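J.: Structure for this input, please:
(one chain, ligands or ions: 1)
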Amino acid sequence: MNHIIQTSDLTMRFRGCDALRGVTLNVDEGTVFALLGENGAGKTTLIRILTGFQMPTSGTCRVMNLDPAKDALEIRRRAGYVSDAPALYDWMGVGEIGWFAGTLYDKHFLPRYQESIRRYEIPEDRKIRHLSKGQRAKVALSLSLAHDPELLILDEPTSGLDPKVRRDFLESMIDRAASGRTVFLSSHQMAEVERVADVIAILHDGIVRVCEPLDTLKDSVIEVAVSLEDPLVVLPALPEPAEVLGEASYGRQRSMVIRHYDSGMHDLLASRVGVTGVSERTLSLEEIFIAFTGKSPPREAIDRAEAAVEIEGGVV
Ligand SMILES: Nc1ncnc2c1ncn2[C@@H]1O[C@H](COP(=O)(O)OP(=O)(O)OP(=O)(O)O)[C@@H](O)[C@H]1O
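T.: Below is the predicted model:
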């Protein structure tokens with residue numbers, strides 16, 4: 001499969017801040033690729049570099065086989081791009097802005113734009129400055145899609161949209177990917193991303209912590225709850241490739257989020273003297289995200305462990 005976006009060891013240093021610290025990513029054609037990260041993780045900075053608005057401090061990248069440092073205009077012409085705060089000419093009308101943007105593209109642009117605006121029920125004669133936040137987002141999305149781009153780059157595309165429109169829009173991205181186009185989106189909406197994304201990258205403090213197909217990620221990160229006879233029981237170190245992403249103790253319960261866990265590790269834990277039970281649970285994308293980016297274990301793990309302590313009447 002072709003990589004429509006490739007970055008290699010990208011760094012971005014601002015005064016007093018390393019926004020990206022060696023980002024290497026490949027995005028396959030025909031996929032919905034979701035970039036997740038907390039506030040300040042570096043998502044917008046990466047997108048600005050990919051679209052040629054920002055020169056990286058070091059490293060290289062290619063977008064649709066073009067170099068954003070040299071071919072920024074061509075990339076912006078061919079790709080669709082919606083930023084988290086789309087800049088639109090406020091004094092134009094909704095219809096006018098479509099006509100204006102359409103002069104840069106072929107004859108199919110305007111009818112597609114008008115159809116989308118009609119679907120979103122936005123009056124064509126309304127001035128952009130009089131639109132609500134959600135209506136502005138809909139105009140920006142309509143403009144970015146009207147030339148049917150092979151690559152759509154969306155930075156928090158659904159902020160400002162109501163839940164139904166958000167869901168419909170994101171689900172339409174699945175159809176785009178099915179027709180061979182690529183969608184690269186950054187988002188905070190984990191539950192929505194989980195429904196539509198093929199591949200997930202988690203960016204944390206400017207570093208890609210993980211980049212995997214969603215199914216692989218969900219299979220490879222497990223919460224393991226271990227019941228102990230005594231809170232002081234020491235558990236064995238798990239062999240490679242296991243990676244403990246988070247750990248918490250609640251009385252005689254220990255909860256761990258482990259990447260690359262397997263049945264051999266279950267047996268190793270279960271056979272430890274002082275261990276009375278080992279159970280596993282798959283996690284939601286939101287819980288996996290927290291495991292990669294924070295120290296706290298998933299909330300449900302805490303609740304389950306606390307409930308277990310209460311039932312046992314155990315002393316913490
Ligand atoms: N022009 C700039 N000058 C200095 N620091 C900057 C600049 N642009 C971004 N940063 C810093 O780089 C870091 C990454 O910012 P970025 O906007 O890429 O994060 P983000 O993941 O998009 O966050 P959010 O989800 O809040 O939009 C932040 O610490 C930010 O303050």
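
J.: pretty sure Leu46 contacts Gly22?
T.: No - applying CB atoms under 8 Å as the test, Leu46 and Gly22 come out as separate, 11.9 Å apart. From N, CA and C alone the C-beta is placed, and that goes for glycine too.

J.: the more surrounded of these two?
T.: Neighbour comparison, Leu46 and Gly22: the larger count goes to Leu46, with 30 against 15 (by other CB atoms under 10 Å).

J.: Pop the domain breakdown of this structure in here.
T.: Domain assignment for the chain by automatic domain parsing gives 3-214, 217-312.

J.: can these go into a markdown table with extra columns for mean pLDDT?
T.: Formatted as a markdown table, those follow (pLDDT from 0 to 100):
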| stretch | mean pLDDT |
| --- | --- |
| domain 3-214 | 90 |
| domain 217-312 | 85 |
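
J.: And those: which comes nearest the ligand?
T.: Among those, domain 3-214 comes nearest to the ligand, with 3.2 Å by CB to the nearest ligand atom.

J.: Run the contact check for that closest one versus the ligand.
T.: Yes - in terms of CB under 6 Å from any ligand atom, part of domain 3-214 sits within range of the ligand, namely Phe14, Arg15, Cys17, Ala19, Gly37, Asn39, Gly40, Ala41, Gly42, Lys43, Thr44, Thr45.

J.: and the two most separated of those?
T.: Arg15 and Gly37 (21.0 Å; CB to CB).

J.: Just want to know which of those two has more residues nearby.
T.: Remark: of Arg15 and Gly37, Gly37 carries more neighbours, 25 against 4, as counted by other CB under 10 Å.

J.: The more buried one pairs with what?
T.: Leu203 (DSSP bridges).

J.: just checking, it touches Ile202?
T.: Yes - judged on CB under 8 Å, Gly37 makes contact with Ile202 at a distance of 6.7 Å.

J.: tell me, what's touching these two both at once?
T.: Shared contacts of Gly37 and Ile202, defined by CB atoms under 8 Å, 6 or more residues apart in numbering, comprise Thr293.

J.: Just the helices from the chain, written as ranges.
T.: Here the chain has its helices, by DSSP state H, at 43-50, 72-78, 94-102, 109-119, 133-145, 163-178, 190-196, 214-220, 263-270, 285-293, 299-312.

J.: What lies in contact with the first one?
T.: To tie it back to what came earlier, the one meant is helix 43-50. 5, 7, 10, 12, 19-20, 23, 35, 37, 54-56, 61, 63, 68, 75, 81, 83-84, 153, 155, 184, 186, 203.

J.: Also the third one?
T.: With contacts defined as CB under 8 Å, 6+ apart, helix 94-102 is touched by 88-89, 92, 109-110, 113-114, 117, 122-128, 131, 139, 142-143, 146.
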